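Participant: Quick one: sequence plus predicted model below, questions after.
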Amino acid sequence: MKTRTRYVCNQCGAASHRWLGRCHECEAWNSYEEELVPPKGSRGATPDVAMVGDSKPMALRDISADPVRRSSTGIGEFDRVLGGGMVPGSVVLIGGEPGIGKSTLLLQVMARLASDGQKALYVSGEESMQQMRLRASRLGIDAEGLYLLAETRVEVILRHAEEMNPCALVVDSIQTATVEALESAPGNVTQIRESAAALIRYAKSTGVPVFIVGHVTKEGAIAGPKMLEHMVDTVAYFEGDQHHSYRIVRAAKNRFGSTNELGVFEMSDQGLTPVENPSELFLSERHAGASGSVVVCTMEGSRPLLLELQALVAPTRFGTPMRVTTGLDRNRVSLLIAVLEKRGGMSAQNADVFVNVTGGVQIDEPAADLGAVVAMASNLRDAPVDGQTVFIGEVGLAGEVRGVSRLTQRLAEAEKLGFTRALVSKRQTEAVVGSGGLSLVGVGTVQEALYAAF
């Protein structure tokens, strides 16, 4: 039989009979990869895993509405990211840079589960059993119910999993997994898609949670077809710098919980240690008395985080001033610079502006607007602000300071860390009840905020 090939986009899965430089569906460049076409009449290459339960339609009222029963991973910060714990039959995809801590975290999770008298299966296609054993010894892991397997063939992995019936399964990584019926190389679009589909069917049919490790591209996205993220239930990303000890796990997709939650860990010789109070950690190295440094409060899901926001305003050496931001949206900062000039009476049109949020956290809400404006004005004047003041508020184009949601929780976190004053919207000062020893200063405009800050 003549072998037929086709080209498939590794971003969206669109197929073509010839190679194209640009995908006609998602318009991605150089994304087509060659793959073999299965013979006509074949049932597909994915290992056959039967789904449990009836496949007939059911009336909405006949389906149980009981809340989802979750089980803890033994690590509170990871449970927070998952939405409160593991859901039976869920499939979690975890991506991140090489060496960031993906395998370490999942090995620790499997050890916690196995220490409760259950069986946990960790499958690695990148390390031998001896290498995994050495890593477990370095982390101080010696759980009796933790089983290791060095295997890449999905059929073999599922056969061992069905015989063992573990409480959770880890596959590290999906780029090394292969389906024997396919002749394409590991990491190919078809191999990743078919391997993931087999693991998902196994999870849904048995109720065993499955964790899949995914490599990332140089752009930071998970390698392989984009449909992989659509197939799984939860997508979590590891963020952080390998040269620093802090790691942040954030959910980009979660069918069973919020995508705004994040977990903070610290990398040590004993593995990843959960950080119970991230605000204190992020502010621990703050330099008091420096101009351009303020403290803002942002909400990450249900958790308030206090972060240091730094601004540096320096005379430009070129015709076009630079606008560089880390942790804040660049367009939002440009908008705030315009408001500061028009409504605050301060000129930065001939200056380079650099804004940074320490700790590697990305702020996506406008509650940090007031802090960013004050930080830029502070460095422009070379006048530091009070180190015991936290800034919470949104800034509009008219220069007005607007209120934010969950102000009471933000103020409680600030008071817990020893802050004595908070600049908030004037319209919210009367609505806040029980601010304790925290002094609230209500401001209505940017000019009032600058006057109160200095």
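Facilitator: Yep, it's here. Numbering: from 1, shown residues only.

Participant: Please list the residues outside stretch 271-285 that contact it.
Facilitator: Outside stretch 271-285, the residues within contact range by CB atoms under 8 Å, 6 or more residues apart in numbering are 75-78, 101, 104-105, 107-108, 139-140, 246-247, 263-267, 295, 303-308, 358-359, 361, 413, 417. In this view, the C-beta of every residue, glycine as well, is placed from N, C-alpha and C.

Participant: Could you check how far it is from the centre of its chain?
Facilitator: 17 Å (CA atoms, centre = their mean, to the nearest Å).

Participant: Quick one: name whatever helix or strand follows the helix or strand hosting residue 230.
Facilitator: Per DSSP states H and E: residue 230 is located in helix 227-231. Counting by DSSP H and E, the element after helix 227-231 in chain order, helix or strand, is strand 234-239.

Participant: Check the average confidence over that next one, would you?
Facilitator: Strand 234-239 shows a mean pLDDT of 90.

Participant: Paired strands for the strand ranked longest in the chain, with orientation please.
Facilitator: Ranked by residue count and defined by DSSP state E, the top strand of the chain is strand 303-315. Within its sheet, strand 303-315 is paired with strand 293-300 (antiparallel), strand 351-357 (antiparallel), according to DSSP bridges.

Participant: And the strands in the stretch 351-454 of the chain?
Facilitator: Along the stretch 351-454 of the chain, counting by DSSP state E, counting those that start in this stretch, strands occupy 351-357, 389-391, 394-395, 401-402, 421-425, 439-443.

Participant: what's the nearest residue to residue 387 if we skip its chain neighbours?
Facilitator: Counting by CB to CB, 6 or more residues apart in numbering, residue 387 lies nearest to residue 288, which is 4.7 Å off, once chain neighbours are set aside.

Participant: did I read that right, that neighbour in a helix?
Facilitator: No: applying DSSP: H, G, I helix; E, B strand; the rest coil, one finds residue 288 to be coil, outside a helix.

Participant: what about the closest residue to residue 87 other than its chain neighbours, how many residues close to it?
Facilitator: Nearest non-adjacent residue to residue 87, counting by CB to CB, 6+ apart: residue 256, 4.8 Å away. Neighbour count of residue 256, defined by other CB atoms under 10 Å: 16.

Participant: now swap in residue 5 and tell me
Facilitator: When neighbours are counted by other CB under 10 Å, residue 5 registers 10.

Participant: got it, and the one 4 residues further on?
Facilitator: Here the neighbour count serves as a burial measure; for residue 9 (other CB under 10 Å) it reads 24.

Participant: same check, this time on residue 414
Facilitator: Neighbour tally, residue 414, other CB under 10 Å: 25.

Participant: so who does the closest residue to it other than its chain neighbours touch?
Facilitator: Spatially, and ignoring its direct neighbours in sequence, residue 414 is nearest to residue 390 (4.6 Å; CB to CB, 6+ apart). Residue 390 sits next to 295-297, 306, 410, 414, 419, 421-423 when contact means CB under 8 Å, 6+ apart.

Participant: Any chance of those residues in a markdown table with pLDDT and distance to residue 385 as columns?
Facilitator: As requested, the contacts of residue 390 are exported to a markdown table (pLDDT from 0 to 100; distance: CB to CB, whole Å):
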| residue | pLDDT | distance to residue 385 |
| --- | --- | --- |
| 295 | 95 | 9 |
| 296 | 95 | 12 |
| 297 | 94 | 15 |
| 306 | 93 | 15 |
| 410 | 91 | 18 |
| 414 | 91 | 15 |
| 419 | 91 | 12 |
| 421 | 92 | 10 |
| 422 | 93 | 13 |
| 423 | 93 | 9 |
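
Participant: Identify, from the residues you listed, the entry nearest to residue 317.
Facilitator: Distance to residue 317 across the contacts of residue 390 (CB to CB) is lowest for residue 296, with 29.7 Å.

Participant: Skipping its backbone neighbours, what lies nearest that closest one in space?
Facilitator: residue 371 is the one closest to residue 296 (CB to CB, 6+ apart), at 3.6 Å.
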